[in-house]
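**Q** What would the 3D arrangement of this be:
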Amino acid sequence: MEGVLKSSRQLYLLDGSSYIYRAYYGVREPVASGEAPTNAVFGFTRMLLSLLQENRPDYLAVVFDPPREETFRREIYPAYKAQREATPADLISQLPYVRRVVQALNIPALEAPGFEADDVIATLARRYAEQGMQVTVVTGDKDLLQIVTDRVRLLDTMKGKYSGPEEVVERFGVPAELVADVLGLAGDASDNIPGVPGIGEKTAAKLVRRFGSLEEVLQWKSLVSGKTRRESLHLYADQARLSKVLATVRYDVPLEVPLADLQMRSPNLRELTPLLRELGFAALEAAFTPPPPGVVEIYSDGSGREAGPGGYGVVLRYGKHQKELSGFEPVATSQRMELIAAIRGLEALRAPSRVRFFSDSQYLVRGMSEWLQGWVRAGRLETPDALKNQDLWRQLASLSGKHEISWQWQPGHAGHLFNERCDKLAKRAAEEGMRAAAAASMPEVAVAASPPEEVPKEEKEPVPASAVAAAVVPAACVEDAVFDADADGQLRLY
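**A** Numbers count the residues shown, from 1 in each chain. Next comes the predicted model:
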């Protein structure tokens, strides 16, 4: 799985305000510089860096909200979002640093007076989608599902979920262009949009599907079942129309942003590096510090369970270039996957190289840097069954002999962005491998449960999820041990 397959130019629009709040509440331990809280800045920066590394957009902008009191929705409906608590003081103090991080990364920060971030995002998404761009809106806000098209999708990075036209129908029961009609009838408690009393989201979706729009529902309310519901539609018709206006994003924000201004650029390291050090984010510096000239950095991780399926993830860095590798093994242990990850990383090198190898596996790092020479002298690599995972250690010994390698252990990822990226790659590969294995086993289970001659194919019941899970769920995860300084690791693995 190398990088992201791109069929056209990719524009990412990030809902900055949503990201900030997610970071603030998601990173509650106070990562601090001196006495100042920096948890929101740290979380925001890490989430943004992960987005850049995993998706590599061609164009990107971060869009911020103005103060909620200064938007046109508050002017036409003073109670709009009025129930929300004031921004916490310890978050307010971090907002300037968030802006400085975005600026130092050379990412445009956009904002339009009187309009919310949703309106700016909708305007730019439609504009550039019509020009042939593939647009991805990074947000957890369900309201923006109304802008989804074949060329505009949503990405919730916290859930790892993309939403296209089909996902909109799954969520709201109507296509994207009718989402605001549903919200107009049902309201939205999170934004204090009133809607019509007594009509929830499911009922609103049924009505809109039946009649075609909010206006059609109001016009033909006499045909709606339920006396109380008909009376509510009559009494609160104007409130429903207002609610739809409040819920509808705008596509006419007067913001002229040339596409060239949104093109991805290299960070301003002279500004970024001192800022990260000021904030105490040393672990994030590595993401922007290229390897020394002539050195290849390899980061690897394995995700495995005792006698169960496993995955591996590898990131190689050389100068400004990066490469991702990942894969799946149907039967593996955590330790075997760590070794396989290292093997795949070294196999990717086309010529003898100077290598700095990073892993959170003490088993791998100490094995290669401390124990290997002793095994070679004692003949344990060649003597059958003298070592656990002997086949993999032999491959590693052969591969490592072609390069000049320093092995470095990073305990528990230590907040290191590349190691955590490898961890994600490994777990994703394991999950995808298990899903593929489950899908491959389903036809056989279905045939055994329902013979073709007794039940027509189209009438067969689907295989229960529990049956699929039972076929692929492995035993409990086995973690790497922390070995004594004088141990070679192997005696503790039998």
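**Q** rest of the way, CA atoms for contacts and neighbours
**A** Noted.
**Q** you'd agree residue 241 is up against residue 184?
**A** Yes. Residue 241 lies in contact with residue 184 (CA atoms under 8 Å); the separation is 6.4 Å.
**Q** Next, count neighbours for residue 130.
**A** By the criterion of other CA atoms under 10 Å, residue 130 has 11 neighbours.
**Q** Neighbour count: residue 241 and residue 184, which is higher?
**A** Set side by side, residue 241 and residue 184 give different neighbour counts by other CA under 10 Å, the larger being at residue 184 (28 against 19).
**Q** Next secondary structure element downstream of the helix or strand harbouring that one?
**A** Per DSSP states H and E: residue 184 is located in helix 179-186. Past helix 179-186, heading to the C-terminal end, the next element that is a helix or strand (DSSP H and E) is helix 201-211.
**Q** Please spell out which residues along that next one are buried.
**A** Along helix 201-211, the positions that meet the burial threshold by neighbour count (16 or more other CA atoms under 10 Å) are 201, 204, 205, 207, 208, 209, 211.
**Q** ok, then the element right after that helix?
**A** Secondary structure here is assigned by DSSP H and E; on that basis, the next helix or strand after helix 201-211 toward the C-terminus is helix 214-219.
**Q** Enumerate every residue touching the residue nearest to residue 389 when sequence neighbours are not counted.
**A** Sequence neighbours aside, residue 336 is the residue nearest to residue 389 in space, at 6.7 Å (criterion: CA to CA, 6 or more residues apart in numbering). Residue 336 makes contact with 302, 304, 389, 392 under the criterion CA atoms under 8 Å, 6 or more residues apart in numbering.
**Q** Tell me where the stretch 1-150 of the chain has helices.
**A** Using DSSP state H, counting those that start in this stretch, the helices assigned to the stretch 1-150 of the chain run over residues 16-26, 39-55, 72-76, 89-92, 95-104, 117-129.
**Q** Indicate which one of these is closest to residue 330.
**A** Shortest separation from residue 330 across the helices of the stretch 1-150 of the chain is recorded for helix 39-55, at 25.0 Å, computed as CA to CA.
**Q** Would you mark the buried spots in that closest one?
**A** For helix 39-55, burial by neighbour count (16+ other CA under 10 Å) applies to 39-51.
**Q** what angle sits between that helix and helix 16-26?
**A** For helix 39-55 against helix 16-26, the angle by axes from the mean of the first three to the mean of the last three CA atoms, to 10 degrees is 120 degrees.
**Q** So which elements touch helix 39-55?
**A** Using 3 or more CA pairs under 8 Å, 6 or more residues apart in numbering; DSSP states H and E, the elements in contact with helix 39-55 are helix 16-26, helix 95-104, helix 417-449.
**Q** what about this protein, any weak spots by pLDDT?
**A** 1-7, 28-34, 305-307, 412-415, 442-494 (pLDDT under 70).
**Q** Can you give me the domain assignment for it?
**A** Using automatic domain parsing, the domain ranges for the chain come out as 10-247, 290-494.
**Q** ok, which stretches of the chain are strands?
**A** Taking DSSP state E to define them, one finds strands in the chain at 10-15, 32-33, 36-37, 59-63, 109-110, 134-138, 152-156, 161-163, 295-304, 308-318, 321-332, 354-359, 404-409.
**Q** Distance to residue 220 added to those strands, as TSV?
**A** Written out in TSV, the entries for the strands of the chain read as follows (distance: least, CA to CA, whole Å):
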stretch	distance to residue 220
strand 10-15	38
strand 32-33	59
strand 36-37	55
strand 59-63	40
strand 109-110	42
strand 134-138	36
strand 152-156	33
strand 161-163	32
strand 295-304	58
strand 308-318	56
strand 321-332	56
strand 354-359	65
strand 404-409	69
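**Q** okay, these in a markdown table with distance to residue 83 and mean neighbour count next?
**A** Supplementary listing: the strands of the chain in a markdown table, determined by distance: least, CA to CA, whole Å; neighbours: other CA atoms under 10 Å:
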| stretch | distance to residue 83 | mean neighbour count |
| --- | --- | --- |
| strand 10-15 | 21 | 24 |
| strand 32-33 | 31 | 16 |
| strand 36-37 | 26 | 16 |
| strand 59-63 | 23 | 23 |
| strand 109-110 | 26 | 17 |
| strand 134-138 | 25 | 24 |
| strand 152-156 | 25 | 22 |
| strand 161-163 | 29 | 15 |
| strand 295-304 | 44 | 27 |
| strand 308-318 | 45 | 26 |
| strand 321-332 | 45 | 19 |
| strand 354-359 | 48 | 21 |
| strand 404-409 | 49 | 16 |
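**Q** between residue 241 and residue 184, what contacts are shared?
**A** With contacts taken as CA under 8 Å, 6+ apart, residue 241 and residue 184 have residue 214 as neighbours in common.
**Q** Distance check, the spatially most central residue of the chain against residue 163.
**A** Most central in the chain under CA atoms, centre = their mean is residue 157, positioned 3.0 Å from the mean C-alpha point. Residue 157 sits 11 Å away from residue 163 when distances are taken as CA to CA, to the nearest Å.
**Q** try residue 268
**A** From residue 268 over to residue 163 the distance is 33 Å, taken as CA to CA.
**Q** do the same with residue 169
**A** Taking CA to CA as the criterion, residue 169 is separated from residue 163 by 10 Å.
**Q** before we move on, the earlier item: let me know the closest of the contacts of residue 336 to residue 425.
**A** For these, the closest approach to residue 425 (CA to CA) belongs to residue 302, at 9.0 Å.
**Q** who's in contact with residue 138?
**A** By CA under 8 Å, 6+ apart, the contact list for residue 138 reads 12, 13, 14, 15, 154, 155, 156, 157.
**Q** I'd like those as TSV, with distance to residue 425 appended.
**A** Conversion of those to TSV gives the following (distance: CA to CA, whole Å):
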residue	distance to residue 425
12	21
13	24
14	23
15	25
154	21
155	18
156	17
157	14
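**Q** closest to residue 134 among the residues you listed?
**A** Top of the list for closeness to residue 134, among those and by CA to CA, is residue 12 at 8.5 Å.
**Q** Can you verify my assumption that that closest one contacts residue 57?
**A** Yes. Distance between residue 12 and residue 57: 6.3 Å, which falls inside the contact criterion (CA under 8 Å).
**Q** contacting residues around stretch 102-113?
**A** Defining contact as CA under 8 Å, 6+ apart, one finds that stretch 102-113 is touched by 60-66, 70-71, 99, 117, 120, 253-255, 261-262, 264-269, 271-272.
**Q** what's the answer for stretch 389-401, then?
**A** For stretch 389-401, the surrounding residues in contact (CA under 8 Å, 6+ apart) are 336, 339, 340, 342, 343, 346, 347, 368, 372, 381.
**Q** Against residue 299, how distant is the fourth one?
**A** Meaning residue 342. With the distance defined as CA to CA, residue 342 ends up 8 Å from residue 299.
**Q** where do the contact lists of those two overlap?
**A** Where contact means CA under 8 Å, 6+ apart, the residues bridging residue 342 and residue 299 through contact with each are residue 314.
**Q** ok, now how distant is the closest residue in space to residue 244 that isn't next to it in sequence from residue 93?
**A** If the residues on either side of it in the chain are set aside, residue 244 comes closest to residue 184, at 3.9 Å by CA to CA, 6+ apart. Between residue 184 and residue 93 the computed distance is 36 Å (CA to CA).
**Q** Likewise for residue 405?
**A** Noted for residue 405: a distance of 44 Å to residue 93, by CA to CA.
**Q** got it, and residue 434?
**A** 45 Å.
**Q** Check residue 417 too.
**A** As defined by CA to CA, residue 417 lies at a distance of 25 Å from residue 93.
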